[in-house]
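Participant: here is a sequence with its predicted model. Questions after.
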Amino acid sequence: MSEIKENYYHIYVLLKDRIRFESQLINKQISFYSDENQMKLRYYLLEKDKVEIDKILIENEIIANYETNEIIDYRDNIKIQKVYIYIVIVIILLILIIDYIK
């Protein structure tokens, strides 16, 4: 059992990055096993492939975590903030137009 722990490690990847990550693993012929847990996936990977996997993560901008802490994609939060800003701007413009018409 300790031999397995020494040869393998695991990372967590967001569900939205699954297809990109797995296709890159398959293209590079890296063996893996995954299991699903809510909105994230845990991948079991060989320790010898760690450098290649790090390259895949960086080149494809895939957010991964080596710990069990929650993974947050801040790029998604920025997109949501932009939508809120646009909505506020539209509301302010509508108020100004209505006030100008009166």
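Facilitator: It's in. Because the structure is predicted, anything quoted here is derived from the model rather than measured.

Participant: where in the chain is pLDDT low?
Facilitator: Low-confidence segments of the chain (pLDDT under 70): 1-6, 37-40, 67-76.

Participant: try it again at 50.
Facilitator: Residue ranges of the chain with pLDDT under 50: 1-3.

Participant: all strands for the chain, in order.
Facilitator: For the chain, the strands defined by DSSP state E cover 8-14, 32-37, 40-46, 64-65.

Participant: counting by contacts, list what the last one packs against.
Facilitator: Contacts of strand 64-65 with other secondary structure elements, assessed using 3 or more CB pairs under 8 Å, 6 or more residues apart in numbering; DSSP states H and E, are made with strand 8-14. Quick note: C-beta positions are derived from backbone N, CA and C, even for glycine.

Participant: hey, where'd the helices end up in this structure?
Facilitator: 2-7, 18-27, 50-59, 74-101 (DSSP state H).

Participant: CA-only coordinates of the third one in CSV, if you can.
Facilitator: In CSV, the C-alpha atoms belonging to helix 50-59 read as follows (Å, rounded to 0.1, in the frame of the first residue of the first chain):
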residue,chain,number,x,y,z
LYS,A,50,4.2,15.4,-12.6
VAL,A,51,6.3,17.8,-14.6
GLU,A,52,4.3,17.1,-17.8
ILE,A,53,1.0,17.5,-16.0
ASP,A,54,2.2,20.9,-14.5
LYS,A,55,2.9,22.0,-18.1
ILE,A,56,-0.5,20.9,-19.2
LEU,A,57,-2.2,22.9,-16.4
ILE,A,58,-0.2,26.0,-17.0
GLU,A,59,-0.5,26.0,-20.8
